[in-house]
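Participant: output the structure for:
(one chain, ligands or ions: 2)
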Amino acid sequence: MGIAVQAETRWLPANPLESQVARKGFLASTMDTYATVVLAAGKGTRMRSALPKVLHPLAGVPLLAHVLKAVEAIPSSSAFVPLATRTTTHRPIVVLGHEAGQVMAVFSGRCSYAIQEEQLGTGHATLAARDAVDALEPLPQTVLVCYGDTPLISSEVLARVLAEHLARQATVTFLTAITDQPSDFGRVVRDAAGRVREIVEMKRATEEQKNIREINSGVYCFERAWLWPALQKLPRNAAGEYYLTDLVGIASSQGHVIATVNGAFDETVGINDRVQLAAAEQVLRRRILERHMYAGVTITDPATTYIDDEVMIGTDTVILPGTMITGKTRIGSECRIGPGTTIDRSIIGDRCIVRSSALEETTFEDDVSMGPFSHCRPGAHLAHGVRMGNFAEVKNSYIGAETDMHHFSYAGDATVGEHVNIGAGVVTVNYDGKLKHRTIIGKGAFIGCDTMLIAPVEVGDGAITGAGAVVNKDVPAGVLVVGVPAHVLRKVQIAENSMAEDNKKE
Ligand code: UD1
Ligand code: CA
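Facilitator: Ligands and ions are numbered 1, 2, ... in the order given. The predicted structure is shown next:
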């Protein structure tokens, strides 16, 4: 029985530029085009997760994003060069089903979507993309199909499959790999002459076939005109599914040209469960670390260093052991990061030092030093040359250039000027139990040890607060306040202010 249930499809309109060029008849007459279909509708049952499988992060980026990145980079990979003058493509079409809304919310306009209402196998999922593919202008001759759960696949190998397909004028071309541990991959069955006969899924393989070391990696190119009718004729198997892989046996029995490309096994890893997720994470992390090392970053201990895919690091920066750098973090040159440091979604300038500390959504200008054991929370901005020592926390605050904040202090919702000294134990009392309030500290101010700044409050330029002062009223520029609550003791001389400057440098 063929696929009786016609899958409903929805898709976003094709790229307007593509249609414009097509209307001029330019591409249509001179260019081959290929469509890419990424299958990502499966429930991912083996993940045992509420999160759709393709949204599980790998090196900080969803599985599907890794696949899309590879697909998008096909035209710039070297295997594509010979095709470049006569082949072009469209936005990838992603087939979704399970929790489609969640996936679309993450990727929005980056791809088009087709919906597979019921997950009846990879063959059924590919057919769900038919209307979306056929609506493309110019109409693609070739359909490249890959899976959303094979995040280590490279653009280079995808381009090789495409190039081989076009060169051989094949009906089907697919990617294989050789491994001693074929586990649950489909096995590639060849005849005595080495011609591909079929792909047999592990569950249906005979004992002899289970020993086959050539596996199906899950990347295919099909001739579009052959693909749709063939999919409709796919038999439904005992498990109630339509397997895309069965198309290979069909093409073979019809005497069509079937080509294969042999790729590296570690690119093929498909993520079906969390053990495979961790294994892929290890491979990818090693690649990321090597990329940084080749680009001039010292990583003292790769085994204990975790860097997400989107992180950028400048040359001659040293990453010390036990460090985790995540999200879209950017670190400048000649920094020393770690040991024991986590940095998430932050921007760090050049020549910064961060020891045993944690940073989230933080900005450091150049020459900032921090730690050990301090914390910058979202919205922390430390200007040039700030020295933030141990057991200090900054949240949603701007700390001006060359300001010192060496020990046990908290700046929350504060704007601190340049050349300020923040003594040990200083706290911005920013929360009254209901609302957060701001503290403003002028440039050159000297905030004595254990000062409590009861926000909203402002301390003027060059003012001094005595040790233990509880400041609940604004302090004018250039005065010394002391006591609980703080009161003005006297004006301070410029000289005293410079002394304050000198003191803090000790
Ligand atoms: C599949 C191949 C196998 C190959 C392996 C490579 C089939 C039948 N088998 O097995 O030969 O060695 O990949 O990784 O294709 N999906 C849908 N709709 C569905 C079912 C699946 O969109 O109804 C999607 C999934 O979300 C997934 C992809 O297709 O991203 C592959 O499905 P999966 O169930 O993981 O196939 P495998 O068992 O890994
Ligand atoms: Ca899989």
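
Participant: next, residue 252: secondary structure please.
Facilitator: Three-state call for residue 252 (DSSP: H, G, I helix; E, B strand; the rest coil): helix.

Participant: who in this protein is up against ligand 2?
Facilitator: By the rule CB under 5 Å from the ion, the part of the chain lying against ligand 2 is 149, 270, 272. Any C-beta I mention is one placed from the backbone N, CA and C, and that applies to glycine too.

Participant: pLDDT-wise, what's the bottom of those?
Facilitator: Among the residues of the chain next to ligand 2, residue 270 carries the weakest pLDDT, at 90.

Participant: which ones are touching that residue?
Facilitator: Applying CB atoms under 8 Å, 6 or more residues apart in numbering to residue 270 gives the contacts 147, 149-150, 185, 218, 276.

Participant: again, but for residue 107
Facilitator: Contact analysis of residue 107 by CB under 8 Å, 6+ apart lists 64-65, 68, 94.

Participant: for those residues, work out which two are farthest apart.
Facilitator: Spatial extent of those (CB to CB) is set by the pair 65 and 94 at 11.0 Å.

Participant: ok, those two, which is more surrounded?
Facilitator: Neighbour tally, residue 65 and residue 94, criterion other CB atoms under 10 Å: the higher count belongs to residue 94, 29 against 21.

Participant: so the more buried one touches residue 115, yeah?
Facilitator: No: with contact defined as CB atoms under 8 Å, residue 94 does not count as touching residue 115 (10.0 Å).

Participant: pick out the residue of the stretch 251-400 of the chain closest to ligand 2.
Facilitator: Ligand 2 sits closest to residue 270 of the stretch 251-400 of the chain, with a gap of 3.5 Å, by CB to the ion.

Participant: re earlier: and the contacts of residue 107, which is closest to residue 490?
Facilitator: Ranked by distance to residue 490 (CB to CB), the contacts of residue 107 are led by residue 65 at 61.9 Å.

Participant: can you map out the helices along this protein?
Facilitator: 16-23, 26-30, 63-72, 100-107, 122-127, 130-134, 155-168, 207-210, 224-232, 246-253, 274-294, 494-505 (DSSP state H).

Participant: which one of those helices is the most hemmed in?
Facilitator: Comparing these by mean neighbour count (mean count of other CB atoms under 10 Å), helix 122-127 ranks first with a mean of 26.

Participant: and that helix, what does it pack onto?
Facilitator: Contacting helix 122-127 under the criterion 3 or more CB pairs under 8 Å, 6 or more residues apart in numbering; DSSP states H and E are the following elements: strand 32-39, strand 142-147, helix 224-232.

Participant: between the ones you listed, which one is closest to residue 383.
Facilitator: Closest approach to residue 383 among the helices and strands packed on helix 122-127 (CB to CB): strand 32-39, 44.3 Å.

Participant: okay, now the sheet partners of the closest one, with direction.
Facilitator: strand 87-89 (parallel), strand 93-96 (parallel), strand 142-147 (parallel) (DSSP bridges).

Participant: which of the helices and strands packed on helix 122-127 sits closest to residue 401?
Facilitator: When the helices and strands packed on helix 122-127 are compared by CB to CB, strand 32-39 sits nearest residue 401, at 48.1 Å.

Participant: show residues contacting the closest one.
Facilitator: Counting by CB under 8 Å, 6+ apart, 27, 64, 67-68, 71, 74, 83, 86-90, 92-95, 111, 114, 122, 125-126, 129, 133, 136, 138-148, 162, 166, 221, 224, 244 sit against strand 32-39.

Participant: picking up where we left off before, how about a markdown table for the helices of the chain, with mean pLDDT added?
Facilitator: Formatted as a markdown table, the helices of the chain follow (pLDDT from 0 to 100):
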| stretch | mean pLDDT |
| --- | --- |
| helix 16-23 | 41 |
| helix 26-30 | 46 |
| helix 63-72 | 97 |
| helix 100-107 | 96 |
| helix 122-127 | 98 |
| helix 130-134 | 97 |
| helix 155-168 | 97 |
| helix 207-210 | 96 |
| helix 224-232 | 98 |
| helix 246-253 | 97 |
| helix 274-294 | 96 |
| helix 494-505 | 47 |
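
Participant: switch those over to a markdown table; also include distance to residue 371.
Facilitator: A markdown table is the format used below for these (distance: least, CB to CB, whole Å):
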| stretch | distance to residue 371 |
| --- | --- |
| helix 16-23 | 49 |
| helix 26-30 | 56 |
| helix 63-72 | 32 |
| helix 100-107 | 34 |
| helix 122-127 | 50 |
| helix 130-134 | 52 |
| helix 155-168 | 39 |
| helix 207-210 | 54 |
| helix 224-232 | 58 |
| helix 246-253 | 57 |
| helix 274-294 | 22 |
| helix 494-505 | 19 |
